[in-house]
Each structure stands twice: as structure tokens, then as C-alpha cells.
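>>> one predicted model, sequence on top.
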Amino acid sequence: MGLVLPSCRNLIQITEPEIDSFLDSQKILNVATIGPRGWPHVVAMWYGFYDHRIAFWTYRKSQKVLNLRRDDRMTVLVESGDNYSELKGIEIEGRGTLIEDPAKVLTVGRSIFARYRDQLADSSIDAFTASAPKRLVVIVEPENIVSWDHSKLS
């Protein structure tokens with residue numbers, strides 16, 4: 001009989017308050033949707049929150065929107081760390097809800113501007129939100145969340 005190693009999964013899971021804190025502190029959301037040929041379509045996005053859920057805005061004609069209109073399943077990933085002992089991440093499998101209401105699109109756009117203001121020093125809120133009429137919001141509706149924090153192994 002071979003050696004059975006215990007799973008570390010329970011040791012490295014991130015608690016709900018830790019998830020909220022981590023998502024608040026990070027800046028890049030990797031978004032995977034199902035492309036027209038069945039292959040994953042993965043892009044990096046800035047993100048914000050809407051009703052305590054991850055949300056991002058994007059152009060209405062973008063490939064990710066076309067994909068979500070055809071199949072609303074998506075996976076998003078927020079991760080950090082350079083060394084194995086620092087790796088931390090949240091992966092959410094869920095459904096993408098498309099919000100086209102102009103007021104809600106503008107609300108999310110303004111929240112994204114607020115989160116990334118330091119990277120938009122040359123832009124005003126008006127310039128940033130000028131593209132809002134061409135955009136919509138994607139809200140990530142979680143169905144399964146997987147998390148890991150390798151720093152908990154030490």
C-alpha cells in the first residue's frame with residue numbers, strides 16, 4: 001500500500017472576510033468565457049463591485065460580451081504572489097449577467113474610476129465615463145468559489 005498524503009486544501013482555503021479583503025486589495029480580474037469555437041477566451045480586466053458582487057464594464061460589442069450572450073458561463077480569477085509560498089487566489093465559476101441600464105453602467109464606471117484613480121491621473125471622471133454609452137456591465141454571479149493562500153502553509 002502506497003503512502004497517502006493528507007490534502008492541504010482545508011489549510012489553504014481563504015475565509016469569507018479574507019476573500020472580501022483580498023478582492024478589495026487587488027486590481028486585475030482574469031475573465032474566461034467560452035469562445036465561438038469552444039475554446040476559452042481569457043482577458044484581463046479592471047473591476048469593481050455592484051451589490052457586493054464583482055462587476056466590470058466593457059464594450060457592448062466585445063468578444064466576451066458576444067460569448068456571454070451565447071453562453072453565460074464564465075470563470076474569473078484574481079491572484080497574487082511571485083513565489084510558491086506567496087501564492088494567493090480566488091477563482092469564481094459562475095454566470096455573467098449583462099446589465100445595459102445606462103444609470104447602472106455609469107455607476108459601475110464611476111466605481112471603477114475611483115478604484116483606479118491613481119492609474120488614471122491624466123484622465124478626469126468625465127473623460128473616463130464618456131465611453132459609458134458604448135458599454136455595458138457584467139456582474140459575476142458566483143456558483144462555485146475556490147480559494148488558496150499558500151502563506152498559510154508556513
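That came through, no problem. Numbering: from 1, shown residues only.
>>> how close does the residue most central in space within the chain sit to residue 138?
The centre of the chain sits closest to residue 29, judged by Cα atoms, centre = their mean, with a distance of 3.8 Å. As judged by Cβ to Cβ, to the nearest Å, residue 29 and residue 138 stand 10 Å apart. Where you see a C-beta, it was placed from the backbone N, CA and C, and this is true even at glycine.
>>> same thing with residue 24?
Counting by Cβ to Cβ, the gap from residue 24 to residue 138 is 19 Å.
>>> can you give me the buried ones in stretch 18-38?
By 16 or more other Cβ atoms under 10 Å, the buried positions in stretch 18-38 come out as 19, 22, 29, 31-35.
>>> what's it in contact with?
The set of residues external to stretch 18-38 that reach it, using Cβ atoms under 8 Å, 6 or more residues apart in numbering, is 14, 40-47, 49, 54, 56, 63-64, 66-68, 70-71, 73-80, 88, 90, 96, 115-116, 138, 145, 147, 149.
>>> end to end, how far does that stretch reach?
34 Å (Cα to Cα, to the nearest Å).
>>> what about that stretch, average pLDDT?
For stretch 18-38, mean pLDDT rounds to 96.
>>> same question for stretch 141-152.
pLDDT averaged over stretch 141-152 gives 93.
>>> flag every buried residue along the lengthiest helix in the chain.
Assignment by DSSP state H gives helix 102-115 as the longest helix of the chain. Within helix 102-115, the residues that qualify as buried by neighbour count (16+ other Cβ under 10 Å) are 104-109, 111-113, 115.
>>> for residue 141, pull up the helix or strand it's in.
If you go by DSSP states H and E, residue 141 is part of strand 135-149.
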